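Colleague: here is a sequence with its predicted model. Questions after.
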Amino acid sequence: MNTHNAIKAAGQFLKAIGISVGLGAEEEGVSRLGETLTPIFNPWELPETAYLRGERLEAGVFDVTGGAATIPEVLLFNPVGSRLLGVVTRLHWTWITTLGAFFTYRLFRGVALPGGFVALNSGPVDTRSGQLIAAPAAGLVLAQAANAARAGGLEFDSWTVPVNIGVEDLEPVILSPGTGLSFGSQVVGVQRFIGGIRWRERVMLPGEQARA
C-alpha cells in the first residue's frame, strides 16, 4: 500500500493511535488517521498516551549545599550510548541562604558524569511503568555536586534568584546522548537550593541523532 504520510515511519506512534481509538495497528485505515485525526484528537497532548508510544515520564528531586569554597550544582545527564532522547518539561527550585544568587543553566557535553557528582534517586511518575526508582536510574541520570568550580558547558540562560522564593521554569531543553542540563550558582560560598525536575525520555528514531 502506498504510504502517503509519515505516520508509518515511527511504529510506536502508529500503535499508540490505534490503541487510543480502539483499532489494531494493522487494521485498514490506521495509517491514514494522521490526515483527519489531529484536528479533533491530538495524541501528543495527552500525558496518558506517552506510555502507549513508548515514552517514559520521569522525575527526581535534589537538595544540594555548597560550602565555603564550593559551588552547588545539579546535572541531568543523558549517558553516551543510551539511544534515548530526553526532554526536560519542568524545573523548579528554591534558594535557601542568606543572600540571593546568580543562577545559570549550562549545556554539558561529556562521556560520563563529571567528577564529584553523586547520582540521585529518580524514576517514573506513570504507575504503569515497570521501571524502578533508582540512583542512577535506567535512563537519564540526575546527579548533584558541590565542587570548587562548575562543570563545563555552554551557558545559555541565567536568573537572579531571590531568597526563599520558588522559581518554576517550563521551557523545554532537549538532551541527546552525551549531553546534560547543568544548573546552579555562579558564586562560591555557603548556600543551598532544593527543588525538582521532570522530563520525558524515549528511544531515538532513525536519523534523529545529531550529526557532527
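Modeller: Thanks, I have the structure now.

Colleague: switch to C-alpha atoms for all contacts and neighbour counts from now on
Modeller: Will do.

Colleague: which stretches of the chain have low pLDDT?
Modeller: Along the chain, the model assigns pLDDT under 70 to residues 1-44, 98-100, 210-212.

Colleague: domains in it, by residue range?
Modeller: Following automatic domain parsing, the chain resolves into domains at 6-49, 56-203.

Colleague: now do the SS call for Leu107.
Modeller: Put simply, Leu107 is strand when judged by DSSP: H, G, I helix; E, B strand; the rest coil.

Colleague: identify the bridge partners of it.
Modeller: Bridge pairing for Leu107 (DSSP bridges) gives the partners Leu154, Leu181.

Colleague: quick revisit: name the stretch among the domains of the chain that sits most buried.
Modeller: Each of those was scored by mean neighbour count; the highest is domain 56-203, a mean of 18, by mean count of other C-alpha atoms under 10 Å.

Colleague: endpoints of that one, how far apart?
Modeller: 10 Å (C-alpha to C-alpha, to the nearest Å).

Colleague: what do you get for stretch 176-188?
Modeller: 30 Å.

Colleague: where do the strands sit along the protein?
Modeller: 56-66, 71-78, 84-96, 101-109, 118-119, 122-124, 141-147, 154-161, 166-169, 173-175, 179-185, 191-203 (DSSP state E).

Colleague: turn those strands into a markdown table, columns for distance to Pro47.
Modeller: Output for these, formatted as a markdown table (distance: least, C-alpha to C-alpha, whole Å):
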| stretch | distance to Pro47 |
| --- | --- |
| strand 56-66 | 8 |
| strand 71-78 | 21 |
| strand 84-96 | 12 |
| strand 101-109 | 26 |
| strand 118-119 | 27 |
| strand 122-124 | 13 |
| strand 141-147 | 22 |
| strand 154-161 | 28 |
| strand 166-169 | 19 |
| strand 173-175 | 18 |
| strand 179-185 | 23 |
| strand 191-203 | 10 |
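
Colleague: so which of those strands is nearest Ala50?
Modeller: Set against Ala50 and scored by C-alpha to C-alpha, those come closest in strand 56-66, at 6.8 Å.

Colleague: in contact with His91, which residues?
Modeller: For the record, residue 91 is Leu, not His. Glu168, Asp169, Leu170, Gly195, Gly196, Ile197, Arg198 (C-alpha atoms under 8 Å, 6 or more residues apart in numbering).

Colleague: how much space separates Val167 from Leu154?
Modeller: For Val167, the distance to Leu154 - C-alpha to C-alpha - is 22 Å.
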